[in-house]
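>>> Requesting a structural model of the entry that follows:
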Amino acid sequence: MTQHAAPNEFDDIAYQAGLGNWRAEYRPRPAPFVLPLTIAGAIYLITAACLAGTNMLQNSFGVIMLVIFTLFIGLGVLNVVHTKRKSGADDVLRLYDHGLIVKGPKTLVSIFWWDTARVHQRLFHYPQTGLTTYNYLLTGPEAHPIAIGDPKGAAASAIANLQGDLANFTLGAAFSRPEEWGPVIQQAVTRAQLPDVLARIDRGERLAFGDLVIDRNALTIDGAAIAWNRLQAVSLRDGVALFKSADRLFRTREPVYTIPNFFVLQEAVRARTGLEWT
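Below is the predicted model:
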């Protein structure tokens, strides 16, 4: 469900949607100003050095030019800082018992329910610094897709997972503390959807998670079925999933961020095999 609303209407929308009690709220991270300030400073110093090198600062015309340029750079920096502060300042992510509300640009408000949400998670880990960035693409039967978290990889994820249909796609804010709200979303979706997934495969249904298919007897990857009792190890390496059977190692052709609700699949595999992911 996608609506337009003022921030003070969130609780009314949540009540009408049956989302239950409010649990947490997250606001966008402060916009970084270091890069634009560094660029502006470098341009200013280079220009001032050029003027000094041509002896133009020795006459009033050169001094006036430098003053005008200083004012121009200063106003430009102030405009950038002001724009960055206002951009997305009203965006908000609110978590509830049964779903979430995310406000994106232009007062766009989207509602996702835990039991129907499809989440594509993309993480980048930098071993040199220990930094991890988080991006989540949220889709649902009644809401336009929106990416929240760090923008790195958001476009590639949207193109891959929306089959190139970006007409209704929104790039949302980089909300603070993604290492907190990201796992909360994963756990809530898993709690809501895993029981139904297990019940359906117990009834004999085959369920697809991207290119992976699970049923009562096996996991199927690239057309090859691996019986649950022959699966020996499951792991994640370099963004893909690995499945080791008694005689062969299988790996997903596509990265796991293309698999909707991959964390639900992980728990389904754990429930059927008792194996822990590494």
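>>> Would you state the helices of the stretch 151-278 of the chain in chain order?
154-161, 178-202, 262-273 (DSSP state H, counting those that start in this stretch).
>>> May I see the buried residues of the first one?
Read it as helix 154-161. Across helix 154-161, burial judged by 16 or more other CB atoms under 10 Å covers 154, 157-158, 160-161. Heads up, the C-betas are built off the backbone N, CA and C, glycines and all.
>>> Check the last one too.
Buried residues in helix 262-273, counted by 16+ other CB under 10 Å: 262-269, 272-273.
>>> ok so, going back, using a markdown table, please lay out the buried residues of helix 154-161 together with distance to residue 222 and pLDDT.
Shown next, in a markdown table, are the buried residues of helix 154-161 (distance: CB to CB, whole Å; pLDDT from 0 to 100):
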| residue | distance to residue 222 | pLDDT |
| --- | --- | --- |
| 154 | 28 | 89 |
| 157 | 22 | 91 |
| 158 | 25 | 92 |
| 160 | 18 | 90 |
| 161 | 20 | 93 |
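>>> okay, those in CSV with distance to residue 207 next?
Output for the buried residues of helix 154-161, formatted as CSV (distance: CB to CB, whole Å):
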residue, distance to residue 207
154, 27
157, 22
158, 24
160, 21
161, 18
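>>> Just give me the closest of these to residue 172.
Nearest to residue 172 among the buried residues of helix 154-161: residue 154, at 8.7 Å, using CB to CB.
>>> was I right about that closest one contacting residue 135?
Yes. Counting by CB atoms under 8 Å, residue 135 is a contact partner of residue 154 at 5.1 Å.
>>> Report whether residue 134 is found in a strand, as I expect.
Yes. Secondary structure of residue 134 (DSSP: H, G, I helix; E, B strand; the rest coil): part of a strand.
>>> show me what contacts it?
Residues in contact with residue 134 (CB atoms under 8 Å, 6 or more residues apart in numbering) are 121-123, 149-150, 178-179, 182.
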